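Visitor: The following comprises the amino acid sequence and a computationally predicted model.
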Amino acid sequence: MAESIQSTVEQLVQPVLEELSLELVDVEFQKEGKSWFLRVYIDGDGGVDLDDCTSVSERLSELLDEHDPIEQAYYLEVSSPGAERPLKKEKDMENAIGKNVFVTTYAPINGEKAFEGKLTQFDGETLTIDTKIKTRIVPVNIPYNKVAKARLAVVF
């Protein structure tokens with residue numbers, strides 16, 4: 001059910017975002033405690049501000065009232081994806097080349113299932129991350145179909 005709601009919300013919000021020159025990063029519909037939350041993460045070339053989030057929230061809220069795809073009560077939240085933006089699509093991976101990323105895999109690769117380092121290459125099938133092991137930089141090739149989750153990683 002949550003996946004069909006996410007798909008419906010994506011279809012409803014996409015024209016709004018295109019009109020505002022913004023990008024849909026992710027849609028989540030989750031129960032937390034006793035409450036349901038519909039979270040829509042948006043981004044733009046120069047980032048997003050409170051006015052962008054408010055505009056999308058107001059217009060999406062009207063569309064959700066009109067189409068009524070969610071039976072139960074929920075909270076709608078529209079925000080930026082934050083500094084540790086999830087990398088869900090191939091385009092996200094391509095845009096993250098040269099940036100620090102954190103990737104988990106479904107199966108171990110070289111005995112590990114979590115990798116953090118600089119994404120140096122992505123060809124649509126394999127991503128290469130330069131990971132640091134003690135003082136050495138070691139490139140790791142990860143098949144894209146083995147990636148469970150990926151996000152940008154902030155380096156302190």
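Guide: Arrived safely.
Visitor: So what pairs up with the residue nearest the centre of the chain in the strands?
Guide: When C-alpha atoms, centre = their mean is applied to the chain, the residue found nearest the centroid is residue 86 (3.3 Å). Taking DSSP bridges, one finds residue 151 as the beta-bridge partners of residue 86.
Visitor: shouldn't it be in contact with residue 150?
Guide: Yes. At 7.1 Å, residue 86 counts as touching residue 150 under the criterion of C-beta atoms under 8 Å. Yep, even glycine has a C-beta here, placed from its N, CA and C like the rest.
Visitor: any common contacting residues for these two?
Guide: Residues touching both residue 86 and residue 150 (C-beta atoms under 8 Å, 6 or more residues apart in numbering) are residue 92.
Visitor: Give me the mean pLDDT for stretch 69-76.
Guide: What stretch 69-76 shows for mean pLDDT is 94.
Visitor: hey, C-alpha coordinates of it in PDB?
Guide: C-alpha atoms of stretch 69-76 as PDB (Å, rounded to 0.1, in the frame of the first residue of the first chain):
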ATOM      1  CA  PRO A  69      -5.200   8.700  -2.400                       C
ATOM      2  CA  ILE A  70      -4.600   8.200   1.400                       C
ATOM      3  CA  GLU A  71      -7.400   6.900   3.600                       C
ATOM      4  CA  GLN A  72      -6.000   7.600   7.000                       C
ATOM      5  CA  ALA A  73      -4.900  10.800   8.700                       C
ATOM      6  CA  TYR A  74      -1.300  11.800   8.100                       C
ATOM      7  CA  TYR A  75       1.200  14.700   8.400                       C
ATOM      8  CA  LEU A  76       2.500  16.100   5.100                       C
END
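Visitor: Please enumerate residues in contact with it?
Guide: Counting by C-beta under 8 Å, 6+ apart, 5, 8-9, 12, 29, 35-38, 40, 57, 60-61, 64 sit against stretch 69-76.
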